[in-house]
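*Asks:* this is the structure alone, sequence omitted:
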Ligand SMILES: Nc1ncnc2c1ncn2[C@@H]1O[C@H](COP(=O)(O)OS(=O)(=O)O)[C@@H](OP(=O)(O)O)[C@H]1O
Ligand SMILES: Nc1ncnc2c1ncn2[C@@H]1O[C@H](COP(=O)(O)OP(=O)(O)O)[C@@H](O)[C@H]1O
């Protein structure tokens with residue numbers, strides 16, 4: 001089976017993790033091998049000790065990109081719900097896949113910051129507003145939105161199932177599902 005990396009980039013609470021798991025369930029049901037490389041989990045192990053400076057985020061994204069490519073080149077659908085705020089970090093991951101001949105799709109979960117901060121799944125927006133944390137992506141830290149992603153998902157106008165279906169359609173169109 002053809003592997004691929006599907007990178008879901010977007011702000012905190014945009015819907016990256018939810019969509020990755022929804023798509024993973026669908027793909028597994030169809031017999032695909034799937035791994036979800038969740039940002040929080042990776043930061044506990046593979047990227048333990050890294051913070052949220054530009055340099056650390058870049059290192060984090062390159063590590064995840066490396067592992068995703070290894071999985072994808074061995075027939076796994078590697079779903080990556082990770083913010084990856086900098087365009088050059090994402091470009092380096094795309095190039096690595098290109099040079100290895102491994103399929104790579106970039107999906108922008110393009111939920112507006114106003115909606116994300118209302119969802120505030122982990123309470124980070126509230127903490128930032130209260131002055132308890134700083135450097136929150138999309139608020140007081142940069143997020144460089146992809147200019148030409150393979151797919152842009154407007155999660156604020158769709159149900160989770162509709163967004164996952166759009167993702168699945170993309171994979172089908174590219175011969176990956
Ligand atoms: N300052 C700041 N900015 C952004 N995010 C923060 C921050 N502090 C902690 N968190 C939590 O860490 C998760 C982001 O980790 P990632 O590895 O996806 O980010 S990055 O690509 O390295 O920028 C992210 O997870 P998601 O909410 O699932 O996106 C946050 O819960
Ligand atoms: N179309 C959609 N796609 C993804 N999530 C959605 C959608 N509509 C509403 N949500 C909700 O938005 C929240 C997104 O949280 P989460 O997936 O943890 O975001 P992230 O991983 O980007 O930080 C969840 O509570 C989810 O149920």
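*Replies:* That came in fine, so what should we check first? These numbers were taken from a predicted model, which means no experiment stands behind them. Numbering: from 1, shown residues only. Ligands and ions are numbered 1, 2, ... in the order given.

*Asks:* next one: residue 9 from residue 74, what distance?
*Replies:* 23 Å (CB to CB, to the nearest Å). Backbone N, C-alpha and C define where each C-beta goes, glycine included.

*Asks:* which one of the two has more residues nearby?
*Replies:* For residue 9 versus residue 74, neighbours defined as other CB atoms under 10 Å are more numerous around residue 9 (26 against 11).

*Asks:* the longest helix seen in the chain and ligand 2, any residue contact?
*Replies:* Ranked by number of residues, the top helix in the chain under DSSP state H is helix 54-72. No - counting by CB under 6 Å from any ligand atom, ligand 2 is not contacted by helix 54-72; separation bottoms out at 14.0 Å.

*Asks:* what angle sits between the helix or strand that that helix is followed by and helix 54-72?
*Replies:* Next helix or strand after helix 54-72 toward the C-terminus (DSSP states H and E): strand 77-81. Using axes from the mean of the first three to the mean of the last three CA atoms, to 10 degrees, the direction of strand 77-81 lies 160 degrees away from that of helix 54-72.

*Asks:* thinking again about what came up before, chain center to the longest helix of the chain, what's the gap?
*Replies:* Distance, stretch centre to chain centre, for helix 54-72: 11 Å (CA atoms, centre = their mean, to the nearest Å).

*Asks:* can you check stretch 33-49 too?
*Replies:* On the basis of CA atoms, centre = their mean, stretch 33-49 sits 12 Å off its chain's mean C-alpha point.

*Asks:* how about that stretch and ligand 1, touching?
*Replies:* Yes - Stretch 33-49 reaches ligand 1 (CB under 6 Å from any ligand atom) through 39, 40, 43.

*Asks:* re earlier: remind me what the longest helix of the chain packs against, helices and strands.
*Replies:* Taking 3 or more CB pairs under 8 Å, 6 or more residues apart in numbering; DSSP states H and E as contact, the helices and strands that helix 54-72 lies on are strand 4-9, helix 39-44, strand 77-81, helix 87-100.

*Asks:* return the nearest residue of this protein with respect to ligand 2.
*Replies:* Using CB to the nearest ligand atom, the closest approach of the chain to ligand 2 is made by residue 15 at 2.6 Å.

*Asks:* quick one: residues contacting that residue.
*Replies:* Counting by CB atoms under 8 Å, 6 or more residues apart in numbering, residue 15 touches 109, 111, 153, 155, 160, 163.
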